[in-house]
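Participant: how would this look folded up:
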Amino acid sequence: MSIKEAQAQPTTAPTRYVGQAVARLDGPAKTTGQARFGAEHEYTDLAYAALVYSTIARGRITAIDAAEARGVPGVVTVLTHENAPAMNPPGKMGLLDPSSMAVSTSVNYLATDEVHWNGQPVAVVVAETPETARYAASLVRPAYEQFPADVDFAAAIPNAVPDKGIPLLASPADKGNAVAALAVAPVSVDLEFSTPQYNHNALEPHATTAVWNGDQLTLHEGTQNISGLRAHLAQLSGCPKRPSACCPRSSGAVSGERRDRGPEPCWRCWRPGPPVARSGSPCPVKVCTTPSGDVPPARNGSRWAPIGMAG
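Facilitator: Predicted coordinates:
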């Protein structure tokens, strides 16, 4: 059947859109700059957060010198594992626990001196402007004790173990025996390919704007998992009341990149304990990424890139 013949056929609900030119509802807004993303929510006395990332692949933090950063005019606070509010460690992923489906990593960073990947957040600076936050973050000086780490993919291949599959499948996928097939093939091509370290894959960098209104926290977060995110943050904080997670009308991420997000650095600015304050009053805080802060830490055993700072 040709396309014209198919178009002439009566359409039903399941086939209504097959072969048809369907306008994307958010297309005009995104292509004309009218779309509003998670980072584009402005509030009075808004503060900005910037992360300090580890520069080693594995080890522990022996000291963090943040005195110079705290002395920068406009800096509201500097949080490290030494003074950040205590948080419950993330639980293990389970299909019956919606909060676990929003877990970004099993590492309880900013609550531990352990470093598990290059680019792990080790401090967060909150300031009155994004420029001040970025500058002050550059002045934080962590010191490390380094441990051995596997950083060469090719060298680690001999220690690789078979894929255990995923819980949604009854057993690991049957991929056949490629080695045996190539051995008897009349012609074979044997090449190795690698992908670049940096791979920008989202229209919208990860971003969170968090606002307190009394004892109610509202997050403007481009997530695909609103209920899971709320449950995840409630579990981290031990808060009986789940925060309100607001998914913006527009989300500029590739499918899957907004499933397991974690605005924990922003969340740690408030709970438990008093919120970050300017002029003696709780203030909203925004944190968002640049491609360089978004991508390098993304493959740390999870699909989420810890959030960094953008202008």
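Participant: show me where pLDDT drops low in the stretch 201-311 of the chain?
Facilitator: Along the stretch 201-311 of the chain, segments meeting pLDDT under 70 span 201-205, 239-281, 289-311.
Participant: could you check how far residue 139 is from residue 133?
Facilitator: Per C-beta to C-beta, to the nearest Å, residue 139 is found 11 Å from residue 133. To be clear about C-beta, it is placed using only N, CA and C from the backbone, and glycine gets the same treatment.
Participant: could you do residue 212 as well?
Facilitator: Remark: distance between residue 212 and residue 133 (C-beta to C-beta) = 19 Å.
Participant: ok, now residue 65?
Facilitator: 18 Å.
Participant: quick one, which of residue 212 and residue 133 is more surrounded?
Facilitator: More crowded of residue 212 and residue 133, by other C-beta atoms under 10 Å: residue 133, with 30 against 20.
Participant: helix, strand or coil for that one?
Facilitator: helix (DSSP: H, G, I helix; E, B strand; the rest coil).
Participant: cool, and residue 142?
Facilitator: Per three-state DSSP, residue 142 ends up strand.
Participant: ok, residue 62 next?
Facilitator: Under three-state DSSP, residue 62 comes out as strand.
Participant: just checking, it touches residue 143?
Facilitator: Yes. Using C-beta atoms under 8 Å, residue 62 is in contact with residue 143, at 4.9 Å.
Participant: ok, the residue nearest to residue 63 when sequence neighbours are not counted to residue 194 distance?
Facilitator: Nearest non-adjacent residue to residue 63, counting by C-beta to C-beta, 6 or more residues apart in numbering: residue 143, 4.4 Å away. Counting by C-beta to C-beta, the separation of residue 143 from residue 194 is 33 Å.
Participant: what's around the nearest residue to residue 120 once chain neighbours are set aside, how many residues?
Facilitator: Closest residue to residue 120 apart from its sequence neighbours, by C-beta to C-beta, 6+ apart: residue 54 at 4.5 Å. By the criterion of other C-beta under 10 Å, residue 54 has 21 neighbours.
Participant: for residue 54, what are its contacts?
Facilitator: 61, 115, 117-122, 142, 144 (C-beta atoms under 8 Å, 6 or more residues apart in numbering).
Participant: again with residue 136
Facilitator: Residue 136 neighbours (C-beta under 8 Å, 6+ apart): 50, 69-70, 72, 75, 78, 125, 127.
Participant: now, of those, which are buried?
Facilitator: 50, 69, 72, 75, 78, 125, 127 (16 or more other C-beta atoms under 10 Å).
Participant: can you get me the start-to-end distance on stretch 45-62?
Facilitator: 35 Å (C-alpha to C-alpha, to the nearest Å).
Participant: tell me which residues of that stretch come out buried.
Facilitator: 46-54, 56-59, 61.
Participant: not counting its own residues, what contacts the strand or helix carrying residue 155?
Facilitator: Following DSSP states H and E, one finds residue 155 within helix 153-156. Outside helix 153-156, the residues that touch it by C-beta under 8 Å, 6+ apart are residue 150.
Participant: export that helix as PDB, just CAs?
Facilitator: What follows is helix 153-156, C-alpha atoms only, in PDB (Å, rounded to 0.1, in the frame of the first residue of the first chain):
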ATOM      1  CA  PHE A 153      38.600   0.600  30.000                       C
ATOM      2  CA  ALA A 154      40.800  -1.600  27.700                       C
ATOM      3  CA  ALA A 155      43.000  -2.700  30.600                       C
ATOM      4  CA  ALA A 156      40.000  -3.700  32.700                       C
END
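Participant: pLDDT on that helix, on average?
Facilitator: Taken as a whole, helix 153-156 has a mean pLDDT of 83.
Participant: any buried residues in it, and which?
Facilitator: Applying 16+ other C-beta under 10 Å to helix 153-156 flags no residue as buried.
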